[in-house]
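Colleague: give me a 3D structure for the following:
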Amino acid sequence: MRLYVYVLEGRGLPPEKPAGGAYVKLRVGNHKSRTRMVSGSRDFLWNEEFVFRVEESGEEEEIKMRVFYEAGYGAGAGGKQLVGRVRVPLSQIWDGEKQTLPPTWFSLQPGHSGRAGSKSDDSGNILLTALLYGRSDKNVSIQPPFANFLINSCGDQPTMTNHSPLTNTENSISESFAGHTHLEETPSRGEESSLHEEGYATSILKDCDSTEFSGELHRDDSIVDDLLSSSFEELIQILQSRDDAEMPEDLQGGVLLDQTYTVEPGVLNSLIFEPNSNFIRDLVEVEGTSHYEEGPWTWKTKDIPCLQRTVSYIKAATKFVKAVKAIDEQIYLKANGKNFAVLTSTKTPDVPYGDCFVVNLMYKITLVPQFSSSEESTESTRLVISWDIIFSRSTIMKSMIEGTARQGLKESYKTFSSVLGQHIIPATSSGVLDKNQLLAPLELVHQSDWELAAKYFFKFTVIFTILIWLYALLHILLSKSGNFCLEFNGLDLPDTLGELLVAGVLFFQGEHVFHMISYFAKARFQRGSDHGVKAQGDGWLLTVALIGGNNLPAAVLGNADPYVVFSCSGKTRTSSVQLQTVDPLWNEILEFDAMEEPPAVLDVEVFDFDGPFGLEFSLGHAEINFLKHSSEELADLWVSLEGEVAQASQSKLHLKIFLDNTKGVETIKEYLTKMEKEVGKKLTPRPPHKNMIFQKIFSLPPEEFLVEDFSCYLKRKLPLQGRIYVSARILGFYANLFGHKTKFFFLWEDVEDIQVLPSSFATVGTPALLIISRNVRGLDARHGSKSRDDEGRLKFQFQLFSSFSIASKTIKALWRAKTSNYEGEAKLLGDQLSRDGQNNYDDTESLSSSENTSSFSNAFSAEIPISMELIGEVFEGGELEKKIMEKVGCLNYSATEWKETKPDNHERHLRYKFSRHISVFGGEVTCTQRRTRTAGGRGWVINEVMSLHGIPFSDYFHVNLKYNLEALESMPPSCQVDVFICVTWLRRSKFRKRIAKNIFDKFAQRSKEVFDLCEKEILPGE
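Modeller: So this is what the prediction gives:
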């Protein structure tokens, strides 16, 4: 049971010297407490509440009270004088119907035997009331409050308050301090020694006058135990029950963080200050903090009632200070459910001059209501963290200490904001806008074909042609009637030279208008657009909103007719053609189908339209690296185009790019499961704080996830110890040697080859990994390369791994997974074509599969004076093949080794990119080659199934090549080479003949160049 005792007022106490004050000591059983000391002449106002624990058998207990004068009032020992005593038996409350002692005046008895109601010398009177709560043998409904009557400072009579302990037992606790505390302005920096001793929180929470202390709560140790057992949510509810304090101002040092989040204020408050918060655990691990210990949230009532706790930890070493112990004292200044304010005072006594200053942080959490168009309010919360530093004494190092603290806090709260963003969603300054909200206006402003036609044809040429035709037709009609005609001097209709001139004008104008109409139809209907085509599947979805362009290069005659081709992970999307403009406006949304792995790069190419496979002119191109842009930057991006004409015109494209993961964590788990088979070990998702460190080191977007990291040495002029970090898209290296940081990363697409170097003296007796980049790729990481060869390829050497086998398998598996996607696709297509035979979708022309040589067209045939063994080197994947293929325009050429599938049957895969000389689109090619012996065993037949990526209509067809190589019986040795080409159509297309002719011409020319170079390279060496 709990006994609530209220010491309200004292009157008529003996007059003494007007100095010091009076206070009351209370005792119930073994529990003691006391009031604060108040001043007065003979009347004293306390208005204080006390709570005691009483046992069920405590009916015989008494409430014992003694009133004392402090020094200056009497001459008692120790500077205090006993004024009088009073004893109140609990039986008066125990046996009452409502177990309540109404407000009653008790006479103070001098000496040691005073008892309520006894007659003795007049020592004054004291007003008391009490309430017994929680008896198990009584089923009572108590309507009065803990103190039914509290003295109103404005009058002499008690006033009724309306609170029920059965409704909320702890309400009085919050009343005890919320009613008598208020917030003062932040003290100036000049207030030093006394402020430092009392603590900054004590300086903010000042004592008010006596009327503001109504209902102050004092407890014995047993009640403290009860409050310690309360949960954090219950303690916050106690604060919220009565909170009339104003929100404090920001501290004078400045604002460290000002961010809005899409959560309720109570959720954000719990996330930051709740004991054992997941957010705090992640923050501690990311910052490298050790020995982190949280004290419980407790009520402190010795000076000022408040909710506070103490947190101690050892801060990780930074470039400013070494690792030091810090102690935080956190105090709630305000909590009403919608607004919270917490003051943190941090002491670091171990740092130089640490006893001279205290760093204060103010956390302000406020509700920011926002209203949507649907008239439904969505709550968001603003978090503002400000700081200040208070010096207890002057020091010449003051400015240096302030500067170091300011810089350290800024870096620390960047990490704080980043980690917090992983737990709750930050809102932008303009509100919470998702992808659909940003793209919705584009759907409304997208121009229809009729609007574009009106804009294109509303020109003088078209209007004049129409008018002159109407004029001539009207003249003919009027001439037939014989009454009137439209002829005038110089214009004879018909039968004169004027008629001929008019006919000529009509003809040429009509022809011009006809070409305009056909050109418009060709651009709008034959070219088409991927706008409005919805993405399919689940995984990584890429959405590109093409807004417009600025200062695109003009064509040779008039303005350009631009359109844009986007390529990503082997998939392409094409915009519509905008006619006769250098500042086009598209407002089109292009969606890529779901991808299993996060894409790294988006290729952008702008063309001047002249037919799908004609001589299109490239106006400029760009490459967008997703890892170098945040999601906010991608959501509104201006891209500068590269290329001679584009750079001269300073051309730009306006894009909005969104990369979404529809499967969430499941996508990461599926990727790791797939990689486990290649790596040969269990791969598990890394904890959030590890990902945070990885993303922070290399400034990566939040969707990038760490797969593994390994300790190793980077071989340069001097070995450098660090760590390799690998993810689905990058390989990065980071080292920190005495504060000197070395870091770089490159994409897996930038890597041409990974080689294992055997143990040697140069590798310190252990195997090493040699990573070779592609030409002019990965240049951002060149400061970490060991060397650069004549072809411009960077070489990175890593050695001294703790486990070389696991590291090499993991790195190679991730590289192969990223670079072999298209090879696997080509292999599947080749298998399908071999099984299915003919795949024909057109009724007017028959096109066969690669197994039917009768439908192939002979593209090249020649007798080459080279032996069969030497010419076979062109298909062996060695340096000769790579050299020849790159010279004919096959960039980044790579080939796997031949693998025997059957006796005298072999298979391999190729991958390369077209140079701009071969295709203005660029584009990427993946091939599957099968090699078999000829019937006579004197040569080889090589069938090649080719899949093109990144060019228009590439998903409509596949190219089949067939090489017949056969040795001739002649001296010197020679062989017959025949190359056949066939196009296999997968979808209907009106441009089939044009595309097929273009492909035949290109590959016939390439075949001739390949074997001419073969002859030049081999013959001089014989």
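Colleague: rest of the way, CA atoms for contacts and neighbours
Modeller: OK.
Colleague: what is the neighbour count of Ile1018?
Modeller: 15 (other Cα atoms under 10 Å).
Colleague: state whether it is indeed within a helix.
Modeller: Yes: under DSSP: H, G, I helix; E, B strand; the rest coil, Ile1018 falls within a helix.
Colleague: so who does it touch?
Modeller: Ile866, Leu870 (Cα atoms under 8 Å, 6 or more residues apart in numbering).
Colleague: so what's it scoring on pLDDT?
Modeller: On pLDDT, Ile1018 comes in at 82.
Colleague: then Glu191?
Modeller: The model's pLDDT for Glu191 equals 39.
Colleague: shift numbering so it begins at 648
Modeller: That works, and once the first residue is 648, the last one we named lands at Glu838.
Colleague: show me where the stretch 948-1097 of the chain has strands.
Modeller: 953-962, 971-982, 986-994, 1004-1018, 1024-1038, 1073-1074 (DSSP state E, counting those that start in this stretch).
Colleague: in TSV: the ones you listed, plus mean pLDDT.
Modeller: Formatted as TSV, these follow (pLDDT from 0 to 100):
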stretch	mean pLDDT
strand 953-962	89
strand 971-982	91
strand 986-994	93
strand 1004-1018	85
strand 1024-1038	85
strand 1073-1074	75
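Colleague: how about TSV for these, with distance to His678 added?
Modeller: TSV is the format used below for the strands of the stretch 948-1097 of the chain (distance: least, Cα to Cα, whole Å):
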stretch	distance to His678
strand 953-962	22
strand 971-982	28
strand 986-994	33
strand 1004-1018	37
strand 1024-1038	40
strand 1073-1074	50
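Colleague: ranking the ones you listed by burial, who's on top?
Modeller: strand 986-994 (a mean of 23; mean count of other Cα atoms under 10 Å).
Colleague: which strand residues bridge Ala777?
Modeller: Counting by DSSP bridges, Ala777 is bridged to Val652, Leu748.
Colleague: thought it was touching Tyr653?
Modeller: Yes: with contact defined as Cα atoms under 8 Å, Ala777 counts as touching Tyr653 (6.0 Å).
Colleague: contact partners for Pro1245?
Modeller: So Pro1245 contacts Trp1187, Ala1375, Arg1376 (Cα under 8 Å, 6+ apart).
Colleague: residue nearest the centroid of the chain?
Modeller: Pro1349 (3.9 Å; Cα atoms, centre = their mean).
Colleague: need the three-state assignment for that one.
Modeller: Once three-state DSSP is applied, Pro1349 turns out coil.
Colleague: also Leu1416?
Modeller: With three-state DSSP as the criterion, Leu1416 reads strand.
Colleague: with adjacent residues omitted, what lies nearest to Glu1613?
Modeller: Gly1586 (4.1 Å; Cα to Cα, 6 or more residues apart in numbering).
Colleague: over to Val902?
Modeller: Excluding its sequence neighbours, the residue lying closest to Val902 (Cα to Cα, 6+ apart) is Ser1033, at 4.2 Å.
Colleague: from the contacts of Pro1245, which shows the smallest pLDDT?
Modeller: Among the contacts of Pro1245, Trp1187 has the weakest pLDDT, 88.
Colleague: any idea how far that one lies from Thr1573?
Modeller: 23 Å (Cα to Cα, to the nearest Å).
Colleague: out of the two, which sits in the more crowded spot?
Modeller: Thr1573 (24 against 21).
Colleague: the more buried one reaches His1556, doesn't it?
Modeller: Yes: between Thr1573 and His1556 there is a contact under Cα under 8 Å: 7.4 Å.
Colleague: what's the pLDDT at the residue nearest to Glu1613?
Modeller: 88.
Colleague: same thing with Glu1313?
Modeller: For Glu1313, the model assigns a pLDDT of 81.
Colleague: and Ser1452, by the same measure?
Modeller: The model's pLDDT for Ser1452 equals 90.
Colleague: ok, now Arg1580?
Modeller: Reading off the model, Arg1580 has pLDDT 87.
Colleague: just give the nearest non-adjacent residue to it, would you?
Modeller: Arg1580 sits nearest to Trp1587 (Cα to Cα, 6+ apart), 4.7 Å away.
Colleague: just Thr1331 next, same as before
Modeller: Thr1331 sits nearest to Leu1319 (Cα to Cα, 6+ apart), 6.9 Å away.
Colleague: torsion angles phi and psi at that neighbour?
Modeller: phi -70, psi -40 (degrees, to the nearest 10).
Colleague: what's near enough to touch it?
Modeller: Leu1330, Thr1331, Pro1332, Val1354.
Colleague: just among the residues you listed, which is most surrounded?
Modeller: Val1354 (20 neighbours).
Colleague: quick check: that residue vs Ser1216, distance?
Modeller: Distance from Val1354 to Ser1216, by Cα to Cα: 20 Å.
Colleague: my guess is the residue nearest to Val902 contacts Thr991, does it?
Modeller: No: using Cα under 8 Å, Ser1033 makes no contact with Thr991, being 10.5 Å away.
Colleague: overlap in contacts, these two.
Modeller: With Cα under 8 Å, 6+ apart as the test, Ser1033 and Thr991 both reach Leu1008, Met1009, Tyr1010.
Colleague: just the closest of those residues to Asp742, please.
Modeller: Tyr1010 (50.1 Å; Cα to Cα).
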